[in-house]
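Peer 1: Quick check, what structure comes out for this input:
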Amino acid sequence: QVHLVESGGTLVQAGDSLRLSCTVSGGTFSTLTMGWFRQAPGKDREFVACISWIGDRPLYEHSMKGRFIISRDNANNTLYLQMNSLQSEDTAVYYCAAASGAKVLVSPRADEYDYWGQGTQVTVSS
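Peer 2: Predicted coordinates for the structure are as follows:
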């Protein structure tokens, strides 16, 4: 069973940067397509970014492209999300998700991911 644990969420000021991490265990990380999603209070879960198992083909939600950077370290089974120029609208619980790389190369669809972490809270104060 693949287990995902997010970390790095905290309270920051508008304009700040923050890096989230997601550590994966119980599976072969280098074969997993990985994604970040977020859910703000009262809103549906939305796609943030994803990256293929080999580390290329990053895909971003349009409004986050250029501010957020997804990356992975296959040697350390860790996924990252670098978030820059944070705004109050970025306040949400951020989740990492995993899918078999043999099934999904990259995808913004939450229903294509099989494994999810518990989430980490990011709060941006204006």
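Peer 1: Could you report the separation of Arg16 from Phe68?
Peer 2: You called it Arg, but residue 16 is Asp. 13 Å (C-beta to C-beta, to the nearest Å). The C-beta positions use only the backbone N, C-alpha and C, and glycine is treated the same way.
Peer 1: next one: Asp44
Peer 2: 19 Å.
Peer 1: Please look at Ala49 and Ser71 and confirm they touch.
Peer 2: No - using C-beta atoms under 8 Å, Ala49 is not in contact with Ser71, being 9.7 Å away.
Peer 1: What's opposite the spatially most central residue of the chain in the beta bridge?
Peer 2: The centre of the chain sits closest to Trp36, judged by C-alpha atoms, centre = their mean, with a distance of 2.2 Å. Per DSSP bridges, the residues bridged to Trp36 are Ala49, Cys96.
Peer 1: Settle this for me: it is touching Arg45, isn't it.
Peer 2: No - with contact defined as C-beta under 8 Å, Trp36 and Arg45 do not form a contacting pair (10.9 Å).
Peer 1: ok so, going back, what about Ala49 and Ser71, which has more around it?
Peer 2: Per other C-beta atoms under 10 Å, whichever of Ala49 and Ser71 has more neighbours is Ala49, with 25 against 15.
Peer 1: mind checking how far that one is from Ser100?
Peer 2: 19 Å.
Peer 1: Equivalent analysis for Pro108, please.
Peer 2: Applying C-beta to C-beta to Pro108 and Ser100 gives a distance of 17 Å.
Peer 1: do the same with Asp16
Peer 2: 35 Å.
Peer 1: list the contacts for Leu59?
Peer 2: Ala49, Cys50, Ile51, Val106, Ser107, Pro108 (C-beta atoms under 8 Å, 6 or more residues apart in numbering).
Peer 1: Can you name the residues bridging to it?
Peer 2: Cys50.
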